[in-house]
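*Asks:* Sequence first, predicted model second:
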Amino acid sequence: MSADAKNGGSGAAGEQARLDLRRRAIRSTRWLLTFRLGSQLLSWAVAIIIARFLTPADYGLFAMALTVVAAIGLLREFGLGTAIIQRQDLTAEHLNTIFWIVALAGIALLMMLWAGAEMAAAFYAEPRLVWILRILGLTILLNVIGFVPYSLLTKDIDFFRRSVAAMVGAVSSSVIALSLAYLGYGVWALIVGQLVNAAIFNAALLVAARWLPGLRLSFRNIGEILTFGMRLAAVSTINLYSQILNRVLVGRFLGGPALGLYTMAETLGEAPHKISSAVIHQMSLPIFAKLQREDGELRKYFLKITKYLALATLPAQIGMALVAYDLIAVVLTAQWIPMVPLFQIFCVGSVFHILSLPAYPLLVARGRAGTLLKFNAAAAVVTAAAILLGSQIDLLAVGAAWLGAFAILKIVLLSLALRELGMRARTYLNGIVASLVATIAMSVTVLFTRYMDAPVSGSVQRLALEVLLGALVYVVILMVVDRKLVPEVRGILHDMFISSRA
């Protein structure tokens, strides 16, 4: 095979394919961000309104049921959704086979849930949980319906139709849940709302993807596909239970108040990059999968994604760490001030997460599920050991131990991705040097503003001044260091808005 063939075709056809992929990725990012922000705002609004009609006990009961169902549902897909996105050679028969495997697994898990509902209710000492679990468990089967269509839309980087399906489900379920809550149905308003959301969302996915399961099956290479998927499922399971274990260790050795501070610091410290991380992960995986055999294009997209991720989130994370005292005092009141040092640690730690974020989807796209499984298993052990060690001293020691272990692990993950790409660390650093320099300049400005005799008093005014000056310096330095940034952003905005309308 020629070099041109390996790199996505030659001449005008190959160049047009690459241009189409770029534009599709940019437009899909717009829709994904728009619908994700919209659904988040809708979720917050509905939760606030429903809370006026329900009691804390209703929410507690729903949380118990949702935790059990989510833990069981995690085992349903075997990572096969990611396998559909990663594999570029799947036939219609393969998709049918994968669907029926997941469907049978879903039925088996639902039967387990029905049989074990009384045990779960006894564990929580809540008899009402039995039928709530059995009814809510139907979402496991409903989610099977849209499992393949969701993966196909993601694979095709068609986030518009996927997001429309999600929004239709969210709006419909919100109307039902609000109506039932107003009529006094208590916790069942939340349960029925969840069922309606699952039913409409998955039905809409079938329509959007124009796909229905068939009976023609193919078991060729299915063992290899299952092995790949189950390794990724194991990675997700390890990550989930690793986070739970870390919190258990903090609560066990330092007590409930310390665990509350730890959980809040972790949640707020990671908040700025949550949406961007989710969008980048969902966007980069199908792009990397399509380019998995085109090393040059793969390296280019990896560097571009890393660059813009760093530009958007590095100043936010470091900025929050710098203004932490005023930020916590304003947002959470003074009673949360003891959390500040730990909050700053999580903000800094998130920088390492951000810079290594594209590494995971890259390794998945290249079929390195076994490497990721080994890495995440080792990472879970190392992180738990660090937190266990720190918890023998105090909460600040927990944070310091976590940061040291977390930073090293993320650097190792990034090095695995760079080695997979055949890329030198210097090339990678050149891609983010502008955001690093601008962030340092911003940090100096904020610190200078903090320690000089500023003409403002009070946390709110000082916080506003620091944020405005820091943001201004960051943008100015960024434009000075990276002269190509403005034309690049202009081109992205053109493809995102003007070209799509044309």
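*Replies:* Received the coordinates, thanks.
*Asks:* Where does the prediction get shaky in the protein?
*Replies:* The chain contains residues with pLDDT under 70 at 1-23, 25-26, 40, 271-277, 453-459, 491-502.
*Asks:* ok, which stretches of it are strands?
*Replies:* Counting by DSSP state E, the chain has no strands to list.
*Asks:* Helices of the stretch 201-350 of the chain, start to end?
*Replies:* For the stretch 201-350 of the chain, the helices defined by DSSP state H, counting those that start in this stretch occupy 222-254, 256-290, 295-322, 324-332, 340-356.
*Asks:* now do the stretch 51-200 of the chain
*Replies:* 56-73, 80-86, 92-124, 129-136, 138-145, 147-155, 159-182, 187-209.
*Asks:* right, and these - which one's nearest residue 312?
*Replies:* Residue 312 lies closest to helix 159-182 among the helices of the stretch 51-200 of the chain, at 18.1 Å (CB to CB). Backbone N, C-alpha and C define where each C-beta goes, glycine included.
*Asks:* Distance from that closest one to the middle of the chain?
*Replies:* The chain centre lies 21 Å from the centre of helix 159-182; the measure is CA atoms, centre = their mean, to the nearest Å.
*Asks:* in that helix, what counts as buried?
*Replies:* Judged by neighbour count (16 or more other CB atoms under 10 Å), helix 159-182 contains these buried residues: 159-174, 176-178, 180-181.
*Asks:* With stretch 77-96 instead?
*Replies:* 77-87, 90, 93-96.
*Asks:* Could you work out the end-to-end span of it for me?
*Replies:* End-to-end distance of stretch 77-96: 14 Å, with CA to CA, to the nearest Å as the criterion.
*Asks:* Quick one: distance of it to the chain centre.
*Replies:* With CA atoms, centre = their mean as the basis, the mean position of stretch 77-96 lies at 21 Å from the chain mean.
*Asks:* Over to stretch 305-314?
*Replies:* Worked out by CA atoms, centre = their mean, stretch 305-314 lies 15 Å from the chain centre.
*Asks:* Need the residues that contact that stretch.
*Replies:* 272-273, 276, 280, 283-284, 350-351, 354-355, 357-358, 428, 431-432, 434-436, 439, 478, 485 (CB atoms under 8 Å, 6 or more residues apart in numbering).
*Asks:* Just the CA atoms of that stretch, as CSV, please.
*Replies:* The C-alpha trace of stretch 305-314 is given here as CSV (Å, rounded to 0.1, in the frame of the first residue of the first chain):
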residue,chain,number,x,y,z
ILE,A,305,-7.0,19.3,20.6
THR,A,306,-4.4,19.5,23.3
LYS,A,307,-3.7,23.1,22.4
TYR,A,308,-7.2,24.4,22.5
LEU,A,309,-8.0,22.4,25.6
ALA,A,310,-5.1,24.0,27.4
LEU,A,311,-6.0,27.5,26.1
ALA,A,312,-9.5,27.2,27.6
THR,A,313,-9.0,25.4,30.9
LEU,A,314,-5.4,26.1,32.1
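*Asks:* Next, the buried residues of it.
*Replies:* Under 16+ other CB under 10 Å, the buried positions of stretch 305-314 are 305, 306, 307, 308, 309, 310, 311, 313, 314.
*Asks:* Which two of those residues have the greatest separation?
*Replies:* So for the buried residues of stretch 305-314, where distance means CB to CB, the most widely separated pair is 305 and 314, at 14.0 Å.
*Asks:* Neighbours of the spatially closest residue to residue 409 that is not a sequence neighbour, how many?
*Replies:* Leaving aside its sequence neighbours, residue 409 sits nearest to residue 379 (CB to CB, 6 or more residues apart in numbering; 4.8 Å). Counted with other CB atoms under 10 Å, residues neighbouring residue 379 total 22.
*Asks:* how far away is residue 379 from residue 356?
*Replies:* 11 Å (CB to CB, to the nearest Å).
*Asks:* Kindly report the same for residue 430.
*Replies:* Residue 430 is 17 Å from residue 356, by CB to CB.
*Asks:* Of those two, give the one with the bigger neighbour count.
*Replies:* Neighbour tally, residue 430 and residue 356, criterion other CB under 10 Å: the higher count belongs to residue 356, 20 against 12.
*Asks:* so that one touches residue 408, yeah?
*Replies:* No: assessed by CB atoms under 8 Å, residue 356 is found out of contact with residue 408, at 11.3 Å.
*Asks:* check contacts around the closest residue to residue 93 other than its chain neighbours.
*Replies:* Take residue 93 and drop its neighbours on the chain: the residue closest to it by CB to CB, 6+ apart is residue 218, 3.4 Å away. Counting by CB under 8 Å, 6+ apart, residue 218 touches 91, 93, 94, 96, 97.
*Asks:* just residue 334 next, same as before
*Replies:* Residue 334 is in contact with no residue at all, counting by CB under 8 Å, 6+ apart.
*Asks:* oh, and call the first residue 4 from now on, that's how I've got it
*Replies:* Renumbered: residue one is now 4, and that last one reads residue 337.
*Asks:* and it, how far is that from residue 177?
*Replies:* Distance from residue 337 to residue 177, by CB to CB: 36 Å.
*Asks:* how close does the nearest residue to residue 466 once chain neighbours are set aside sit to residue 366?
*Replies:* Closest residue to residue 466 apart from its sequence neighbours, by CB to CB, 6+ apart: residue 329 at 4.1 Å. Separation of residue 329 from residue 366 (CB to CB) stands at 40 Å.
*Asks:* Likewise for residue 284?
*Replies:* Separation of residue 284 from residue 366 (CB to CB): 12 Å.
*Asks:* How about residue 406?
*Replies:* Distance of residue 406 to residue 366, given as CB to CB: 24 Å.
*Asks:* Could you do residue 471 as well?
*Replies:* 40 Å.
*Asks:* Looking at these two, which is more packed in?
*Replies:* The neighbour comparison of residue 471 against residue 366 (other CB under 10 Å) goes to residue 366, with 20 against 11.
*Asks:* Residue 417 is in contact with that one, correct?
*Replies:* No: between residue 366 and residue 417 there is no contact under CB under 8 Å: 10.6 Å.
*Asks:* Please report how far the residue nearest to residue 466 lies from residue 455.
*Replies:* 15 Å.
*Asks:* Counting neighbours around each, name which of these two comes out higher.
*Replies:* Between residue 329 and residue 455, counted using other CB under 10 Å, the more crowded position is residue 329 (21 against 8).
*Asks:* so what's the more buried one up against?
*Replies:* 462, 463, 465, 466, 469.
*Asks:* which residues touch the fourth one?
*Replies:* By CB under 8 Å, 6+ apart, residue 466 lies in contact with 326, 329, 330, 333.
*Asks:* Tally up the residues packed near residue 190, please.
*Replies:* Residue 190, neighbours per other CB under 10 Å, totals 21.
*Asks:* Report the backbone C-alpha coordinates of stretch 435-452 in CSV.
*Replies:* The C-alpha trace of stretch 435-452 is given here as CSV (Å, rounded to 0.1, in the frame of the first residue of the first chain):
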residue,chain,number,x,y,z
ILE,A,435,1.0,24.4,24.6
VAL,A,436,3.8,26.8,25.3
ALA,A,437,1.6,29.9,24.5
SER,A,438,-1.0,28.9,27.1
LEU,A,439,1.7,28.1,29.7
VAL,A,440,3.4,31.5,29.2
ALA,A,441,0.1,33.4,29.3
THR,A,442,-1.0,31.5,32.4
ILE,A,443,2.3,32.4,34.2
ALA,A,444,1.8,36.1,33.3
MET,A,445,-1.8,35.9,34.5
SER,A,446,-0.6,34.4,37.8
VAL,A,447,2.0,37.1,38.4
THR,A,448,-0.6,39.8,37.7
VAL,A,449,-3.1,38.3,40.1
LEU,A,450,-0.5,37.8,42.9
PHE,A,451,0.7,41.4,42.4
THR,A,452,-2.8,42.7,42.6
